[in-house]
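Engineer: Turn this into a model:
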Amino acid sequence: MKRIILLVSILVIQACAFTDATLQVQHDEFSNFKGPIVEVNPLLFSSPALVDNRDDIDRIGWKKNGFGMQTADITTANPVVDIVSDSIRAGLIQNGHSVVDSSRVSILGSVDRFWFESDMNFWTVEFTGDIQCRLIFVDNNTKEEIYKSDYSGSYSEKSGGGLNKTWQRVMGKAVDNMVEDVMFDEELVEALSSLID
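Structural biologist: Modelled structure (predicted):
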């Protein structure tokens, strides 16, 4: 009986390796994004308008079998640019700013990387999420670019194994770290503080 249970378990795991996974990736609504940008007088921002500039726009990672071979796609339920845009919006609001249609500052840019990787070791698996984007801040009064920078967020954890929930958590924490990178950008704070009404 034990052999049958073991065989069934192996077959289920192998079958899962060949089935595409769709992750519900999003920022953690309970994360504390408050950084130096909170010191800027409250501003009206547009929702970030981002383009998908990734090398591989069809997936965010690969499922792999026990031999490390790529066997199935890992994708997101929502478009990657929406995930990043919504997360930045949440960070701005948490820092006392507003995101509206008629804004003082527009945010343009691109998502350049949004990738999940798993590295199988002898006893554990290391899961890593890596996100990179470029943001351009434009003064809508003058139509001039006031600041531009690249931002990134990554997160890794090791465990005995994990499936969709683990992968979602890893990518979600990478998103949170990317948002923190934006909110803690002292040069962005200086550029926004220099805006004249």
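Engineer: Tell me which stretches of the chain form helices.
Structural biologist: For the chain, the helices defined by DSSP state H cover 2-17, 80-94, 164-183, 186-193.
Engineer: right, so of these, which gets closest to residue 139?
Structural biologist: For the helices of the chain, proximity to residue 139 was assessed by Cβ to Cβ; helix 186-193 is nearest, at 9.5 Å. Quick note: C-beta positions are derived from backbone N, CA and C, even for glycine.
Engineer: Just want the most central residue of the protein.
Structural biologist: With distances taken as Cα atoms, centre = their mean, residue 175 lies nearest the centre of the chain, 3.2 Å away.
Engineer: so can I have JSON lines of the helices of the chain showing distance to residue 137 and mean pLDDT?
Structural biologist: Below are the helices of the chain laid out as JSON lines (distance: least, Cβ to Cβ, whole Å; pLDDT from 0 to 100):
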{"stretch": "helix 2-17", "distance to residue 137": "43", "mean pLDDT": "43"}
{"stretch": "helix 80-94", "distance to residue 137": "11", "mean pLDDT": "96"}
{"stretch": "helix 164-183", "distance to residue 137": "10", "mean pLDDT": "94"}
{"stretch": "helix 186-193", "distance to residue 137": "7", "mean pLDDT": "96"}
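Engineer: of those helices, which approaches residue 46 most closely?
Structural biologist: Nearest to residue 46 among those is helix 80-94 (9.5 Å), distances taken as Cβ to Cβ.
Engineer: returning to what we had before: closest to residue 119 out of the helices of the chain?
Structural biologist: Comparing the helices of the chain against residue 119 with Cβ to Cβ, the closest turns out to be helix 164-183 (12.1 Å).
Engineer: Same question for that closest one: list its buried residues.
Structural biologist: Of all the residues in helix 164-183, those buried under the rule 16 or more other Cβ atoms under 10 Å are 167-183.
Engineer: Wait, residue 74 touches residue 80, no?
Structural biologist: No - using Cβ atoms under 8 Å, residue 74 and residue 80 do not qualify as a contacting pair, with a distance of 12.0 Å.
Engineer: Point out where the protein drops to low pLDDT.
Structural biologist: When the per-residue scores of the chain are filtered using pLDDT under 70, the ranges that remain are 1-18, 64-71, 121-122, 160-162, 197.
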